[in-house]
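Undergrad: Quick one: sequence and predicted model below, then my questions.
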Amino acid sequence: MLKINDLHVKLEEEDKAILKGVNLEVPAGAVHAIMGPNGSGKSTLSYVLSGREGYVVTGGGATLDEMDLLDMDPEERATAGLFLAFQYPVEIPGVGNMTFLRTALNSQRKARGQEEMSATDFLKLVREKAKTLKIDADMLKRPVNMGFSGGEKKRNEILQMALLEPKMCILDETDSGLDVDAMKLVSEGVNALRDKGRSFLVITHYQRLLDHIVPDVVHIMSDGRIIKTGGPDLALEVEHNGYADILAETV
Amino acid sequence: MAAVAQPKLDALSARLAGLSAPEGGKWARAARDTARARLEVMGLPAPRDEYWRFTRPATLNAPEPVPATVFDHSGEAPVFGAIDRLKIVFVDGVFDAEASDPLALSGVEIEPLDEAARADIHWAREVYGVLEARGQNPVERPFATLNTAFAREGLVIRVTGKAAQPINLIYRHASETSDALIHHVVKLEPGADLTLLENGPAAARLNKVLEVEVGEGANFHHVRTQGRAHERQAVTHIFARLGRESTFKSFTLTVNGLLTRNECVVEMLGDDAVAHIAGAAMGDGSRDAFHHDDTVFVTHDALRCESRQVFKKVLRNGAVGAFQGKILVKPGAQKTDGYQKSQSLLLDEDSTFLVKPELEIYADDVACSHGSTSGAIDEEGLFYLRSRGVPEAEATDLLVIAFLADAIAEIEDAGIAEDITGRLEAWLKRRRG
Ligand SMILES: Nc1ncnc2c1ncn2[C@@H]1O[C@H](COP(=O)(O)OP(=O)(O)OP(=O)(O)O)[C@@H](O)[C@H]1O
Ligand SMILES: [Mg+2]
């Protein structure tokens, strides 16, 4: 599904390399987790994959189902099935959440040559998905993420994912800011979407989330590289011992 | 008093040569003659005038208008079409009785200006040219005075109760060389209530004055859209005088138009009055020029009055937006609540936003604030939308509508606000192709 090959990325504004040769392959149906110290480049990787400006790819590449991701506009990547649940979801004053969700869904449908969803069908669909994530009507009416609590913003990300049904989902610290119950809700939301045709890349600092969303593979990222890859146990090791040992091992 | 600069007088005499004094009865003659006398010592605006430093008056001064192509609206639902309303049509600035509904509405008396002007005595004389004249101090507004002196067309409207329907003035533009002078007078008796809707470009060149006397406890709601003709030019004035506990709310939508200068002069004379003045403008300088100027002057001269000014402009491809807004709080106008916001969204580096916000306060117990910003599109928001599959152009338009939303939110009637938003969306969509 997702293949990242020796990806090198630097900042556009300054001559600073952030990703220094990332190699990663997430097969269809798999759940991979990425852990790693603050500033190691996890969010940068997710942004570069989804097409945010401000980065320059200096080497390597990334493909989604053999399509060259880095050559596509952000909206094309989304339509191709890539989805990033943001670490910091963006507030958009003046754009209603409902309008946003409907525009997003219909844009993707249109781009795929499908018919746009009618307002009533859409309303039904949103209500149903929102209910399972305990997102109330008020949150749907308000402008996108405006005045949402940290946890509400994260749930709103998962709502978008549930509506758009992407095939490659990147979750960047979706667990941060969630209370215990919300974490369960969100995990259930994610698990409900697990499917042999859908893959997940879950970026997190904590084992907690991985108790709920059990990964097939865990990667450790440090200083712009994947320095270690293992099974779910690797996350437990990090939880107990931190990164010191792993970092020492690889030097 | 300093001598009036010769170019201002020259511009006036050139303009006057092409105008003739309308016929009228005693009151109208008096009002027009006084206006003409006032005008002759003012002259027309000149580029050196402080009040015209953002906008060039030359094409508004000129004896003849610059011809303007008529915009083809076919295929579009008429603005305010969904509202149950009394329609009054002007074609190139001339009242068209045939095309209009009968001028009969419960709670309201409506008369064409030329009819009212023929009488020797008419209530309109208490307002016609009177509010305009009051609005000449401390800043001169010669186009309004010219209008008072020479306008033949317009309506005089007296509202005695709650108007049964909104009145919709529809300004059709038919001739490429039309030059319209329209002057309306609206008087709301105490406790009366009227919604006035205006739409359409009116003419190749429009000079329009609307004088509104809002009596005690009366409510006046005004929503206008200035049509979509690309080449039309307009200078408009609203003069409002507010009585105790009255409400005045005015919203203007402007898209397209070579040149627009909208002035709004509000005098709050009764305690506890409320005035909200808002504008949303969207212009593209690439096809033709787009120059939009909002000039607002609010005077607080009573206790506990509230005024709000909310002006938003979206500018692209070399479009120019200007805002001059003043809040004057007179001595004794305690507990004044004055607010002013003027913002522009510049979609590229060629567009310009010029602002001059002013507060002048002579009372000590007041809360007045103003803020002006000018910014580019929010890149974070744009990326967020695109990352969900919304194409860049559509995402930009969503942010444009969002930017204009708080000006549109000043429209009291949610249905009208929705209609305006929907129209903007449709226009932007059509533009995207
Ligand atoms: N636009 C930018 N300007 C300057 N530095 C940047 C920028 N974007 C990323 N960086 C730097 O790149 C490095 C990687 O940042 P990134 O956000 O990808 O880390 P992360 O692994 O997601 O960290 P965290 O766990 O704290 O979320 C950091 O040192 C960060 O400061
Ligand atoms: Mg991060």
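TA: Happy to help now that I have it. Ligands and ions are numbered 1, 2, ... in the order given.
Undergrad: Kindly tell me how buried the nearest residue to residue A:222 once chain neighbours are set aside is, as a neighbour count.
TA: In space, and not counting its chain neighbours, residue A:222 is closest to residue A:40: 5.0 Å by CB to CB, 6 or more residues apart in numbering or on different chains. C-beta coordinates here come from the backbone N, C-alpha and C atoms, glycine included. Residues lying near residue A:40 (other CB atoms under 10 Å in any protein chain shown) number 22.
Undergrad: element containing residue A:40, please.
TA: Assessed by DSSP states H and E, residue A:40 sits outside every helix and strand.
Undergrad: Please report how far the residue of chain A found nearest chain B lies from ligand 2.
TA: Proximity of chain A to chain B (CB to the nearest CB) peaks at residue A:94, 2.7 Å away. Remark: distance between residue A:94 and ligand 2 (CB to the ion, to the nearest Å) = 27 Å.
Undergrad: Same question for residue B:23.
TA: 78 Å.
Undergrad: Now do the helices in the chain.
TA: Just going to use chain A. Ranges of helices within chain A are A:42-50, A:74-79, A:97-111, A:119-132, A:137-141, A:150-164, A:180-193, A:207-212, A:233-241, A:244-250, based on DSSP state H.
Undergrad: that's the wrong chain, I meant chain B
TA: Under DSSP H, chain B gives helices at B:6-17, B:26-42, B:58-61, B:113-118, B:130-134, B:142-150, B:379-387, B:392-408, B:414-432.
Undergrad: still on that earlier bit, my guess is the residue of chain A closest to chain B contacts residue B:402, does it?
TA: Yes. Counting by CB atoms under 8 Å, residue A:94 does reach residue B:402; the two are 2.7 Å apart.
Undergrad: what's the overlap in contacts for those two?
TA: residue A:143 (CB atoms under 8 Å, 6 or more residues apart in numbering or on different chains).
Undergrad: buried sites along the least confident helix or strand in chain A by mean pLDDT?
TA: Within chain A, no helix or strand scores below helix A:244-250, which has a mean of 80 by mean pLDDT, DSSP states H and E. Neighbour counts using 16 or more other CB atoms under 10 Å in any protein chain shown place A:246-247 of helix A:244-250 among the buried residues.
Undergrad: got the residues of the stretch 201-350 of chain B near ligand 2?
TA: Residues of the stretch 201-350 of chain B lying near ligand 2 by CB under 5 Å from the ion: none.
Undergrad: all strands for the stretch 201-350 of chain B, in order.
TA: B:205-214, B:219-225, B:233-242, B:247-255, B:259-268, B:274-284, B:291-300, B:306-316, B:320-329, B:337-346 (DSSP state E, counting those that start in this stretch).
Undergrad: What residue in the stretch 201-350 of chain B comes nearest to ligand 2?
TA: residue B:345 (30.0 Å; CB to the ion).
Undergrad: measure that residue to residue B:403 for me?
TA: Residue B:345 sits 5 Å away from residue B:403, going by CB to CB, to the nearest Å.
Undergrad: Give me the common contacts of those two.
TA: Common contacts of residue B:345 and residue B:403 (CB under 8 Å, 6+ apart): B:312, B:314.
Undergrad: Any stretches of the stretch 1-150 of chain A with poor pLDDT?
TA: Across the stretch 1-150 of chain A, nothing is flagged by pLDDT under 70.
Undergrad: again with chain B
TA: Applying pLDDT under 70 to chain B picks out residues B:1-2.
Undergrad: In the stretch 51-200 of chain A, what residue comes closest to ligand 2?
TA: Closest point on the stretch 51-200 of chain A to ligand 2, by CB to the ion, is residue A:87, at 4.7 Å.
Undergrad: can you tell me which residues contact the residue of the stretch 201-350 of chain B closest to ligand 2?
TA: B:312-315, B:375-377, B:399-400, B:403.
Undergrad: of those, closest to ligand 1?
TA: Set against ligand 1, the nearest of the contacts of residue B:345 by CB to the nearest ligand atom is residue B:376 (17.5 Å).
Undergrad: since we're on that closest one, how many residues are nearby?
TA: 12.
Undergrad: Skip the chain neighbours and tell me the closest residue to it.
TA: Spatial nearest neighbour of residue B:376, chain neighbours left out: residue B:346 (5.8 Å); criterion: CB to CB, 6+ apart.
Undergrad: what are the bridge partners for the one you found, then?
TA: Beta-bridge partners of residue B:346, counted by DSSP bridges, are residue B:315.
Undergrad: Tell me which residues touch it, please.
TA: Residue B:346 neighbours (CB under 8 Å, 6+ apart): B:315-316, B:352-353, B:374-376.
Undergrad: Which one of those residues sits in the busiest neighbourhood?
TA: Counting by other CB under 10 Å, top hit in the contacts of residue B:346: residue B:315 with 26 neighbours.
Undergrad: Might you report the residue contacts of residue 217?
TA: No chain specified, so I'll use chain A. Counting by CB under 8 Å, 6+ apart, the residues that residue A:217 touches are A:30-33, A:229-231.
Undergrad: Chain B is the one I meant
TA: B:190-191, B:243-246.
Undergrad: For whichever residue of the stretch 1-150 of chain B sits closest to chain A, which non-adjacent residue is closest in space?
TA: Per CB to the nearest CB, residue B:82 is where the stretch 1-150 of chain B lies closest to chain A, at 17.5 Å. Among residues not flanking residue B:82 along the chain, residue B:419 sits closest, at 6.4 Å (CB to CB, 6+ apart).
Undergrad: isn't the one you found right next to residue B:197, touching?
TA: No. Counting by CB under 8 Å, residue B:419 stays clear of residue B:197, with 10.5 Å between them.
Undergrad: Now the common contact residues for these two.
TA: Residues touching both residue B:419 and residue B:197 by CB under 8 Å, 6+ apart: B:80, B:83.
Undergrad: what about the residue nearest to residue A:37 when sequence neighbours are not counted, how many residues close to it?
TA: Nearest residue to residue A:37, sequence neighbours excluded (CB to CB, 6+ apart): residue A:243, at 5.4 Å. If you count neighbours by other CB under 10 Å, residue A:243 ends up with 17.
Undergrad: cool, and residue A:240?
TA: 9.
Undergrad: for residue B:347, same thing?
TA: Count around residue B:347 with other CB under 10 Å applied: 19.
Undergrad: need the contact list for it.
TA: Counting by CB under 8 Å, 6+ apart, residue B:347 touches B:314-317, B:376-377, B:396, B:400.
Undergrad: repeat that with 7 Å
TA: Residues near residue B:347 by CB atoms under 7 Å, 6 or more residues apart in numbering or on different chains: B:314-316, B:377.
Undergrad: now those residues as JSON lines including distance to residue B:42?
TA: Output for the contacts of residue B:347, formatted as JSON lines (distance: CB to CB, whole Å):
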{"residue": "B:314", "distance to residue B:42": "34"}
{"residue": "B:315", "distance to residue B:42": "31"}
{"residue": "B:316", "distance to residue B:42": "36"}
{"residue": "B:377", "distance to residue B:42": "42"}
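Undergrad: So for chain B, the centremost residue is which one?
TA: residue B:262 (4.5 Å; CA atoms, centre = their mean).
Undergrad: Name whatever forms a beta bridge with that residue.
TA: Going by DSSP bridges, residue B:262 is paired in beta bridges with residue B:236, residue B:294.
Undergrad: Touching, it and residue B:236? I think so.
TA: Yes. Residue B:262 sits in contact with residue B:236 when judged by CB atoms under 7 Å, with a separation of 5.1 Å.
Undergrad: what number of residues lie near whichever residue of chain A sits closest to ligand 2?
TA: Per CB to the ion, residue A:43 is where chain A lies closest to ligand 2, at 3.1 Å. By other CB under 10 Å, the residues close to residue A:43 number 20.
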